[in-house]
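1. What would the 3D arrangement of this be:
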Amino acid sequence: MKKVTLFVLRGCPYCVRMLRKIDTLLEANPELREVPLEIVDESKHRDFARRHDYFYVPAFYVDGEKQYEEGVLHADLEDIFRSAAERTSA
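-> Residues are numbered from 1 along each chain as shown. Okay, the predicted model is just below:
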């Protein structure tokens, strides 16, 4: 299973909305709750955030690879979590 990293910024209304969408997605799809989710507030973890190539929040990475930033639709959000939930072949 791959890790999802979400970069947010305190006070960002889009980030608040995204966190609500994630809650709704995980409530409707309990199997996706197993996906490791790391939420990074870039104002608190500036050095870590600077090592990632994004300009807008919310920004999603799956196992360190950028997937989406800013306007993520609900279908895209589900795709992010489903792709992270897939087992990697050995």
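2. hey, let's count contacts and neighbours off CA atoms from now on
-> Fine.
3. burial of the nearest residue to residue 55 once chain neighbours are set aside, as a residue count?
-> Spatial nearest neighbour of residue 55, excluding adjacent residues (C-alpha to C-alpha, 6 or more residues apart in numbering): residue 69 at 7.8 Å. Applying other C-alpha atoms under 10 Å, we find 16 other residues in the vicinity of residue 69.
4. Same check on residue 68?
-> With neighbours defined by other C-alpha under 10 Å, the count for residue 68 comes to 20.
5. and it, what does it touch?
-> Contacts were defined as C-alpha atoms under 8 Å, 6 or more residues apart in numbering; by that measure residue 68 touches 59, 60, 61.
6. let's see it at 7 Å
-> Contacts here follow C-alpha atoms under 7 Å, 6 or more residues apart in numbering; on that basis residue 68 touches 59, 60.
7. Give me the secondary structure label for it.
-> Taken by DSSP: H, G, I helix; E, B strand; the rest coil, the conformation at residue 68 corresponds to strand.
8. if I look at it, how far off is residue 79?
-> According to C-alpha to C-alpha, to the nearest Å, residue 68 and residue 79 sit 11 Å apart.
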